[in-house]
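Novice: Predicted model follows, preceded by the sequence.
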Amino acid sequence: MKFVSWICTFFSALLLFADQPSSFERTAKETVLPQTIHVLLEKEVDEALLEVRGPYYLFDPQNGSRITAGLLDKRFMIRELASGLKWGEKFSGIHQFYVKPRSPDTSIFINGIQYSGSVYFYGVGGKLHIVNEIDIESYVKAVLTTQFPTPMEPEVMAAVAIAARTSAYYKALKGRGSFWHVDAKEEGYMGSALIVARSPIERAVDSTKQLILLYSHEERNSPFLASWTEHSAGKTAAYEAIFRRSEDGPQGVEAPHAKLARQESKWSYQISKKAFCSLFHLSSLNALELFCDASSGKVYALRCNKGGNESSDIEFVSLQRILGKEHLLSSDFTVTLKDDQLLFAGYGKGHGVGLCLYSASALVQNGENAVKILNKFFPETYLCNVGTLPSVR
């Protein structure tokens, strides 16, 4: 493995990723990064099974005061009553608390799923909101474990780990002050029990510990939404171009390795007009129009003309989610309407934003390391160790 080789080149990578030697100092002054991320596990549920194995504390999240403590295992349904939360016993006047382990051996389970860190319970109008506060390193391991059941080459996984950590810090920083930063269902977060000790993913995260990318823009440096796509088919797009969100981040780039394999990545999908209209609640469909990113050619939206001046716009993210990722494989496609059939034909796989995994794998085969791979797909960024920056609890 080449982890050591590129870790050793960390300081040279700072120069590789940034033209101004003072940018690192500016970042330390400007950016205050949290060390944990708050993940929404359940929203507005009637009850949940909370089990704690081992000693624990209960704290009030509003003022940090300790409510109670326990030494023995406890397993009861938790629900919100008019008088306060009930978990075995009633906590009169208390409508929110969080469970914190008193020992490294303490385990917390919500509906049978194990979670690391602390778990918050907010009672609102008879409903529960449940949030897991977990350190970002453990969070990245958990998310990547579900997204990469078959890990890629060590250098590719190292690059992915840094990208995932960068996005996690961005979301935690942007959502600071909110009750939660990310939604477990949207992120594919399924707790800590799936993390496999000494697995390729754990090694990738541990070997890149606290390394993130910072985007240098208008004299400001900050983490950003660093994504990845399976096969870009030749070009990647900027995040905001496809997801239609105003986010600071690097632009898309050429991906020569993926371009050479463009034809090999060709796909098609056909669906009847009737079925399409049913899925998207359209009364009729007379014509289709694609909206494409000028730089990459990727599709960010589809306009469905229903006749006359009536039309309905569908963003790519929603289009792919409803049709299914196994059908609409990528954002690089065309669509035709003929004989009451819609024919989608395209290239590549994934949304087309960020790190192209196909190209990254090819670069590794040519001897490149994670640092150079990240430099290729995230221009105007540089590596930074968050351990050198200010932090807040």
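Specialist: Received, thanks. Residues are numbered from 1 along each chain as shown.

Novice: Run through the bridge partners of D135.
Specialist: T36 (DSSP bridges).

Novice: again with I130
Specialist: E42, F121.

Novice: Likewise for W87?
Specialist: The partner list for W87 in beta bridges (DSSP bridges) reads I78, E89.

Novice: That one against L81, yeah?
Specialist: No - with contact defined as Cβ atoms under 8 Å, W87 does not reach L81; the gap is 10.7 Å. Quick note: C-beta positions are derived from backbone N, CA and C, even for glycine.

Novice: Compare those two and say which one has the larger neighbour count.
Specialist: Comparing W87 with L81 by neighbour count (other Cβ atoms under 10 Å), the higher total belongs to W87, at 19 against 13.

Novice: For H95, see how far away the more buried one is.
Specialist: 12 Å (Cβ to Cβ, to the nearest Å).

Novice: before we move on, what about G367?
Specialist: As defined by Cβ to Cβ, G367 lies at a distance of 58 Å from H95.

Novice: swap in A233?
Specialist: Separation of A233 from H95 (Cβ to Cβ) stands at 51 Å.

Novice: again, but for K86
Specialist: Using Cβ to Cβ, one obtains 11 Å as the distance from K86 to H95.

Novice: Same question for E80, what's its three-state structure.
Specialist: Three-state assignment for E80 (DSSP: H, G, I helix; E, B strand; the rest coil): strand.

Novice: again, but for K141
Specialist: Classified using three-state DSSP, K141 is helix.

Novice: List the contacts of it.
Specialist: Residues counted as contacts of K141 (Cβ atoms under 8 Å, 6 or more residues apart in numbering) are 195, 201-202, 205.

Novice: out of the residues you listed, which are buried?
Specialist: With neighbours counted by 16 or more other Cβ atoms under 10 Å, those contain buried members at 195, 201-202, 205.

Novice: all strands in the stretch 51-200 of the chain, in order from the N-terminus.
Specialist: Secondary structure of the stretch 51-200 of the chain, counting by DSSP state E, counting those that start in this stretch: strands at 56-59, 66-70, 74-81, 84-87, 89-92, 96-101, 107-110, 113-115, 118-124, 127-135, 182-183.

Novice: Mind checking those strands for the one nearest to T150?
Specialist: strand 113-115 (22.8 Å; Cβ to Cβ).

Novice: Buried residues, the helix or strand encompassing L213. List them.
Specialist: For L213, the element it lies in under DSSP states H and E is strand 211-217. Along strand 211-217, these residues count as buried under the neighbour rule (16+ other Cβ under 10 Å): 211-216.
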